[in-house]
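Q: Need coordinates for the below:
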Amino acid sequence: MSYKRFDPEDVVVSAESITSPIWSGDSTTLTTFFTSSTQTGGASGDYYYDIYQTASNLTGARVQFSVAYADKLGSGSLLFNSNVQGKAPSSTVFGQYRNLVLGDENTDFTFGEVNSDYFYAINVDRARYKEKILPGTLDLKLNISGSTNVLRLTDNSKVVSTTSFTDSGRVFELITGSIGTLATGKVQSNGYTANSGSYGKLLPDIGVLLINGNALAAPVASGGLAFTSSRGNNALGNNNLASFYELLNYGSSFRLQSEETISSNFIFVRARNSEFNYSTNPSIITGSGELIHNVMINTPQSYMTTVGLYNDNNDLLAVAKLSRPLLKDFTKESLIRIKLDY
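A: Okay, here's the model as predicted:
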């Protein structure tokens, strides 16, 4: 075995952004939405719904995203304790997202410039969006059964000149449009509703969309869907989730792409004409220390098959195997490029 220390120019670090479809089957757009009756009918059905790309009992069914209803006042869900008002699954969900996104339990959610006490959260499965969602690729359709009014949402990442940040990373407002493009014939020039602010928020770094409940409830003429959420005190919790699921189901289109940064180390192993020509295999030496083949004295040859990467403590860190043995002698030089992705 022969060793050689790398020179600084032999190691190069590179990073590139890779985009890919989010949904199972390498699909960019999800057009079918399914729930699991076991999950929605159980205790967790009061908190959230898992959404699949196919029937949950079929082979290949995978959770694509989850939906949850959040209400600051605890409305729209059953109280944990009838003697303690305002403490219900919806208020717990509201508090969780407030801590996650805003980092302050006393701050309200503002969509555009309008506060809202309730919203619907779409949480993309971690395995789906990988590192982050790619802004500008969102195209979400929402529709009420029997209605011809389809609400089509995207984010304003391609519209704004500066990016806003929260405790959870970048944040963009949801507007009417598709794939980052503002829709024509909009109620307001910024793509918001007339009086309820934006349609929600996209938090690409944590894979979350927050859909403004007030924007959905706004009249059609104001840019909404006239979608009514159940906000009664101590009301059955999963009614709102079931209704919101129907908005997705009848919209039949949810487009997103993921983005991840792949960092690579390129290591160049240079074998010059005078290096690595003598085999280190002990089988070529006799018991008395002589070469078995005398021709190896003046015209040595060796075959390189493996490159090992070691640290200064002589610990083996990585191994690169060549696709075939590489002949090396005094008349040849070799350059082997090793790529390490992480």
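Q: can you tell me how far the closest residue to N57 other than its chain neighbours sits from F119?
A: Counting by Cβ to Cβ, 6 or more residues apart in numbering, the nearest residue to N57 once its immediate chain neighbours are dropped is S36, at 8.0 Å. C-beta here means a position set from N, CA and C on the backbone, and glycine is covered the same way. Spatial separation of S36 from F119 under the definition Cβ to Cβ, to the nearest Å is 24 Å.
Q: got any ranges where the stretch 201-342 of the chain has weak pLDDT?
A: Counting by pLDDT under 70, the ranges of the stretch 201-342 of the chain that qualify are 236-238, 287, 289, 293-298.
Q: if you set the cut-off to 80 instead, what comes out?
A: For the stretch 201-342 of the chain, the stretches with pLDDT under 80 are 235-238, 278-299, 341-342.
Q: With the stretch 51-200 of the chain instead?
A: Those would be 146, 185-187, if you go by pLDDT under 80 across the stretch 51-200 of the chain.
Q: can we see that at 70?
A: The model of the stretch 51-200 of the chain has no residue with pLDDT under 70.
Q: hey, where'd the helices end up in it?
A: 89-97, 126-129 (DSSP state H, counting those that start in this stretch).
Q: What residues sit buried inside stretch 50-69?
A: With burial defined by 16 or more other Cβ atoms under 10 Å, the residues of stretch 50-69 counted as buried are 50-54, 56, 63-69.
Q: and the two most separated of those?
A: Of all pairs drawn from the buried residues of stretch 50-69, the widest gap by Cβ to Cβ lies between T54 and Y69 and measures 24.3 Å.
Q: May I ask you to name the longest helix in the protein?
A: Using DSSP state H to define each element, the chain has its longest helix at helix 238-251.
Q: got the angle for it vs helix 89-97?
A: Taking axes from the mean of the first three to the mean of the last three Cα atoms, to 10 degrees, helix 238-251 and helix 89-97 form an angle of 70 degrees between their directions.
Q: In the chain, where's the longest strand?
A: Looking across the chain with DSSP state E, the single longest strand is strand 257-271.
Q: Tell me which other helices or strands that strand touches.
A: Counting contacts by 3 or more Cβ pairs under 8 Å, 6 or more residues apart in numbering; DSSP states H and E, the secondary-structure elements packed against strand 257-271 are strand 11-21, strand 132-133, strand 302-310, strand 334-341.
Q: And for the nearest residue to P21 once chain neighbours are set aside, the neighbour number?
A: Spatial nearest neighbour of P21, excluding adjacent residues (Cβ to Cβ, 6+ apart): T28 at 4.3 Å. Other residues within reach of T28, judged by other Cβ atoms under 10 Å, total 14.
Q: Tell me who's in contact with T28.
A: P21, I22, T137, R255, L256, Q257 (Cβ atoms under 8 Å, 6 or more residues apart in numbering).
Q: right, and the last one touches P135 too?
A: No - shown here, Q257 and P135 do not form a contact pair, counting by Cβ atoms under 8 Å, at 9.7 Å.
Q: Spatially nearest residue to the residue nearest the centre of the chain (excluding sequence neighbours)?
A: Closest residue to the average C-alpha location of the chain: Y129 at 2.1 Å, with Cα atoms, centre = their mean. Nearest residue to Y129, sequence neighbours excluded (Cβ to Cβ, 6+ apart): G207, at 4.2 Å.
Q: N233 too?
A: Ranked by Cβ to Cβ, 6+ apart and with sequence neighbours excluded, the top spatial neighbour of N233 is S75, at 6.1 Å.
Q: how near is that neighbour to K186?
A: The value you get for S75 to K186, if Cβ to Cβ is used, is 30 Å.
Q: returning to that earlier point: identify all contacting residues around the longest strand of the chain.
A: Residues outside strand 257-271 that contact it (Cβ under 8 Å, 6+ apart): 4, 6, 10-22, 28, 128-134, 137, 204, 304, 307, 309, 328, 333-342.
Q: What residues sit buried inside that strand?
A: When neighbours are counted by 16+ other Cβ under 10 Å, the buried residues of strand 257-271 are found to be Q257, S258, E259, I267, V269, A271.
Q: For D26, see how far away the second one is.
A: In this structure, S258 and D26 are 11 Å apart, going by Cβ to Cβ.
Q: Now do the shared contacts for these two.
A: Shared contacts of S258 and D26, defined by Cβ under 8 Å, 6+ apart, comprise S20.
Q: which residues sit in contact with the residue nearest to N233?
A: Applying Cβ under 8 Å, 6+ apart, the residues near S75 are A88, S90, Y118, S230, R231, G232, N233, A235.
Q: Likewise for N239?
A: For N239, the contacting residues are G76, S230, by Cβ under 8 Å, 6+ apart.
Q: My guess is T299 contacts D329. True?
A: Yes - with the criterion set as Cβ under 8 Å, T299 and D329 qualify as a contacting pair; they are 7.0 Å apart.
Q: Perfect, I'm done here.
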